[in-house]
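S.K.: dropping a prediction and its sequence here:
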Amino acid sequence: MAGLLFILSAPSGSGKSTLVSRLRSLVSGLEFSVSWTTRPLRGSEQDGREYHFTSREVFEQMIANDEFLEHADVFGNHYGTGRRSLTDAAQHGRDLLLDIDVQGAAQVRRKVPDAISIFILPPDPETLERRLRNRSMAEGGVPDAVVRKRLDTARHEIAVCREYQYVLVNADLDQAVEELTAIVYAERAAHGDAPQQLTPEALARYQAMAKACRIENSQARLETVLASFAVPL
């Protein structure tokens, strides 16, 4: 393994967690960094699986000890990626996948310039609001004001998607999963670690798919999504 670092960012409700789960079931050699957070558990979440749940006091002590690769305050809760996750993945010869917000991603890109950054877009505001409300129901109900705040935050986050190397639109889950898989395989091949299980034809198809998702080749899909969110082009 080349020991690559993949950064995934997306507005809350974009389906990022589902994409990551599907990707890890299809692609071997990916280590998922379990972030730390001060927010309470939701639904069927388990400590150490979705997040390392901790108190604000402990989290702030970890900041003081410089134990985070990145950390941010999101909707009033602390989130952070432990430095150890990066070193552990490298020691085991695995690629590391970070699921982090735009604040954390900016910090990581400054510290690890070779990181591969991917932004996942919802197709339009209506779809995002529906997903947020469905998740709200699954969590036992979230005040409407919270849903509205997340939608407003999404618009600000979407505005910085051009800072990422790749962008994909999660309108069709299967297609988004295939595009995400293509990016991982194409980047591995570009770094001298071509997937042995793929035929040359399959690898070429994935490389072409990944190339189409690069930010410089995604103007048409970006224009449609950004316009729907009233984000300046």
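M.R.: Good, I have the coordinates. Numbers count the residues shown, from 1 in each chain.

S.K.: quick one: list the elements packing against the helix or strand of the chain with the lowest mean pLDDT.
M.R.: Scoring the helices and strands of the chain by mean pLDDT, DSSP states H and E places helix 125-138 at the bottom, with a mean of 83. Other elements packing on helix 125-138 under the criterion 3 or more C-beta pairs under 8 Å, 6 or more residues apart in numbering; DSSP states H and E are helix 144-158. C-beta coordinates here come from the backbone N, C-alpha and C atoms, glycine included.

S.K.: the residue most central in space within the chain sits in which helix or strand?
M.R.: In the chain, the centroid-proximal residue (C-alpha atoms, centre = their mean) is residue 8; its distance is 2.4 Å. Residue 8 belongs to strand 5-9 when assigned by DSSP states H and E.

S.K.: can I get that strand in PDB, CA atoms only?
M.R.: Presented in PDB, the C-alpha positions along strand 5-9 are these (Å, rounded to 0.1, in the frame of the first residue of the first chain):
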ATOM      1  CA  LEU A   5      -4.600  10.000   2.900                       C
ATOM      2  CA  PHE A   6      -8.100  10.500   1.500                       C
ATOM      3  CA  ILE A   7     -10.200  13.400   2.900                       C
ATOM      4  CA  LEU A   8     -14.000  13.300   2.400                       C
ATOM      5  CA  SER A   9     -16.200  16.300   3.200                       C
END
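
S.K.: what angle do the next helix or strand after it and strand 5-9 make?
M.R.: Sequence-wise, the next helix or strand downstream of strand 5-9 (DSSP H and E) is helix 16-26. Counting by axes from the mean of the first three to the mean of the last three C-alpha atoms, to 10 degrees, helix 16-26 lies at 150 degrees to strand 5-9.

S.K.: for residue 119, grab the count of nearby residues.
M.R.: Residues near residue 119, counting by other C-beta atoms under 10 Å, number 29.

S.K.: in the chain, which spans are strands?
M.R.: 5-9, 30-32, 36-37, 52-53, 68-74, 77-82, 95-99, 116-121, 166-169 (DSSP state E).

S.K.: how about those strands, which one is nearest residue 43?
M.R.: Comparing the strands of the chain against residue 43 with C-beta to C-beta, the closest turns out to be strand 52-53 (13.2 Å).

S.K.: thinking again about what came up before, so how far is residue 102 from the residue nearest to the centre of the chain?
M.R.: 11 Å (C-beta to C-beta, to the nearest Å).

S.K.: can you check residue 177 too?
M.R.: Counting by C-beta to C-beta, the gap from residue 177 to residue 102 is 22 Å.

S.K.: now residue 110
M.R.: Relative to residue 102, residue 110 is positioned 13 Å away (C-beta to C-beta).

S.K.: is it true that residue 158 touches residue 13?
M.R.: No: the criterion here is C-beta atoms under 8 Å, and residue 158 misses it with residue 13 at 12.0 Å.

S.K.: when the two are compared, which one has more neighbours?
M.R.: Per other C-beta under 10 Å, whichever of residue 158 and residue 13 has more neighbours is residue 158, with 25 against 21.

S.K.: which residues touch the more buried one?
M.R.: Listed by C-beta atoms under 8 Å, 6 or more residues apart in numbering, the contact set of residue 158 reads 11, 121, 225, 226, 229, 231.
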